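1. The amino acid sequence is not available; the structure is as follows:
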């Protein structure tokens, strides 16, 4: 990642009347102007900090903010009669992508929300990071979100575009998706603020339904600039075809391991 100046590494300050909420996983970001954790903000609301303010406060949803947390905040604002003073942006509503679309079993590992197809070759989604995500369990460093989250979001996006945009053309086929190559440029840090992802299909070879080849570009945007850009080549194999290949290569790997004098376990 190329950093052109010190100021490029830090997100622009949020306007005073806008507050971005983040979850506890990203509490270090709450030191930034205009960013608060959900629990911290809820406590200040309950203490009456925003009661009687002359400038309405708009709440924007950052990362690791659950629907339940927003519902609780709405209830608190309503109970205190502060819904005119503190407004939760309509933009906070989002729907996580279906787990089977992004090939994940656990809902906290789904990184996409509001998945949409804009045209034959273009798909968009919002980044939605749960603090319990598998990639965040080891540690959190600094203000940014780990780069592997961006890599996994790109992986989920190419799977999603296949599942939503292409699989239905061959409903009787069962597919196994394999990525062949990935090149990614990180152009800025990804912060726990709202972010969007756009996937563009650059080429799709669909002549053989048992082996569908794709070349795609996946870009992540945040705060008006591109954070990362990935180009990915992947293939969707019909299950019977790839299953036999995988079985054969797995057996060969065990045989070759034994041939080196090592014992297979």
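-> Yep, it's here. These numbers come from a predicted model, not from an experiment. Numbers count the residues shown, from 1 in each chain.

2. Check which residues of the longest helix anywhere in the chain are buried.
-> Determined from DSSP state H, the single longest helix within the chain is helix 239-259. For helix 239-259, a neighbour-count test (16 or more other CB atoms under 10 Å) marks residue 242 as buried. For glycine as for every other residue, the C-beta is placed from the backbone atoms N, C-alpha and C.

3. Let me know whether residue 203 touches residue 214 as I believe.
-> Yes - with contacts counted by CB atoms under 8 Å, residue 203 reaches residue 214, the gap being 7.1 Å.

4. Pick out whichever of the two has more residues nearby.
-> residue 214 (23 against 10; other CB atoms under 10 Å).

5. could you list every residue that touches the more buried one?
-> Residues near residue 214 by CB atoms under 8 Å, 6 or more residues apart in numbering: 158, 162, 201, 203, 204, 205, 232, 233, 234, 235, 236.

6. A strand includes residue 91, no?
-> No - assigned with DSSP: H, G, I helix; E, B strand; the rest coil, residue 91 falls outside any strand and is helix.

7. In contact with it: list those residues for me.
-> Residue 91 neighbours (CB under 8 Å, 6+ apart): 60, 61, 194.

8. again with residue 29
-> Contacts of residue 29 (CB under 8 Å, 6+ apart): 22, 35, 62, 143, 191, 192.

9. Repeat that for residue 201.
-> 120, 121, 122, 161, 165, 214, 215, 216 are the contacts of residue 201 under CB under 8 Å, 6+ apart.

10. buried set for the helix or strand hosting it?
-> Assigned by DSSP states H and E, residue 201 belongs to strand 196-205. For strand 196-205, the neighbour count (16+ other CB under 10 Å) marks 197, 198, 199, 200, 201, 204 as buried.

11. Run through the chain and note the low-pLDDT ranges.
-> Along the chain, the model assigns pLDDT under 70 to residues 1-16, 92, 260-265.

12. Return the subset of the contacts of residue 91 lying in strands.
-> 60, 61 (DSSP state E).

13. that older thread, out of the contacts of residue 214, which is nearest to residue 183?
-> For these, the residue nearest residue 183 by CB to CB is residue 232; the value is 7.9 Å.

14. Distance-wise, check the closest residue to that closest one other than its chain neighbours relative to residue 220.
-> Leaving aside its chain neighbours, residue 232 sits nearest to residue 182 (4.9 Å; criterion: CB to CB, 6 or more residues apart in numbering). According to CB to CB, to the nearest Å, residue 182 and residue 220 sit 14 Å apart.

15. When those two are compared, which one has more neighbours?
-> For residue 182 and residue 220, the more surrounded residue by other CB under 10 Å is residue 220, and the numbers stand at 24 against 15.

16. which SS state does that one fall under?
-> Residue 220, by the three-state scheme (three-state DSSP), is strand.

17. okay, the contacts of residue 201 in TSV with secondary structure next?
-> Below are the contacts of residue 201 laid out as TSV (three-state DSSP):
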residue	secondary structure
120	coil
121	coil
122	strand
161	helix
165	helix
214	strand
215	strand
216	strand
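
18. Mind giving me the ChimeraX select for these, buried ones only?
-> The ChimeraX command for the buried members of the contacts of residue 201 (criterion: 16+ other CB under 10 Å) is given here:
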select :121,161,165,214,215,216
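
19. Which one of the contacts of residue 201 is nearest to residue 83?
-> Nearest member of the contacts of residue 201 to residue 83, counting by CB to CB, is residue 122, at 37.0 Å.

20. measure residue 108 to residue 22 for me?
-> From residue 108 to residue 22 the distance is 16 Å (CB to CB).

21. which of those two has more neighbours?
-> Higher neighbour count among residue 108 and residue 22: residue 22, with 27 against 15, using other CB under 10 Å.

22. Who are the contact partners of the more buried one?
-> Contacts of residue 22 by CB under 8 Å, 6+ apart are 29, 30, 35, 36, 37, 38, 62, 63, 64, 65, 192, 193.

23. Thank you, goodbye.
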